[in-house]
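Chemist: dropping the sequence and predicted coords here.
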Amino acid sequence: YGLLLWGSGATNTPTLFGGTLQVQPVLSWGIHLALGQQAVPFAIPLNSQLHCLAFDLEFLVYDKGASHFVAFTRGLHVVLGS
């Protein structure tokens with residue numbers, strides 16, 4: 001099981017689970033992961049108003065081998081267009 005955090009900006013906040021949040025969460029989306037890799041597509045509409053829109057993402061995953069059963073990815077800063 002995984003959780004995708006969609007944030008409004010970067011942060012560096014320690015958590016009770018031993019990891020660090022790299023984004024300021026605004027939305028979260030839980031997904032069940034199959035073995036191996038799983039793609040999570042996001043359709044981005046053709047809209048000039050979205051040009052240069054920036055947001056931050058981070059993924060948390062349930063991991064039996066992690067000290068608190070949660071593994072954290074690095075934060076990802078995304079800018080649409082350039």
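Modeler: Noted; the coordinates are in hand.
Chemist: going forward, measure contacts between C-alpha atoms and count neighbours the same way
Modeler: Will do.
Chemist: bridging residues for residue 30?
Modeler: Under DSSP bridges, the beta-bridge partners of residue 30 are residue 3.
Chemist: count of neighbours near it?
Modeler: 13 (other Cα atoms under 10 Å).
Chemist: with residue 20 instead?
Modeler: The local packing count at residue 20 equals 17, with neighbours defined by other Cα under 10 Å.
Chemist: how about stretch 5-13: buried residues?
Modeler: Residues 5-10 are the ones in stretch 5-13 that count as buried (16 or more other Cα atoms under 10 Å).
Chemist: can you dump the C-alpha coordinates of that stretch into CSV?
Modeler: Listed in CSV are the C-alpha atoms of stretch 5-13, where the atom choice follows Å, rounded to 0.1, in the frame of the first residue of the first chain:
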residue,chain,number,x,y,z
LEU,A,5,1.2,13.3,-1.0
TRP,A,6,0.6,16.3,-3.2
GLY,A,7,1.9,19.5,-1.6
SER,A,8,1.9,23.2,-1.9
GLY,A,9,5.6,23.7,-1.2
ALA,A,10,8.8,22.2,0.1
THR,A,11,9.4,21.5,3.7
ASN,A,12,11.8,19.4,5.9
THR,A,13,9.6,18.1,8.7
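Chemist: for it, the averaged confidence score.
Modeler: Rounded to a whole number, the mean pLDDT of stretch 5-13 is 86.
Chemist: go on, stretch 47-67?
Modeler: Averaging pLDDT along stretch 47-67 yields 84.
Chemist: any idea how far the spatially most central residue of the chain is from residue 2?
Modeler: The C-alpha lying nearest the average C-alpha coordinate of the chain belongs to residue 58 (Cα atoms, centre = their mean; 2.3 Å). Using Cα to Cα, to the nearest Å, residue 58 is found at 11 Å from residue 2.
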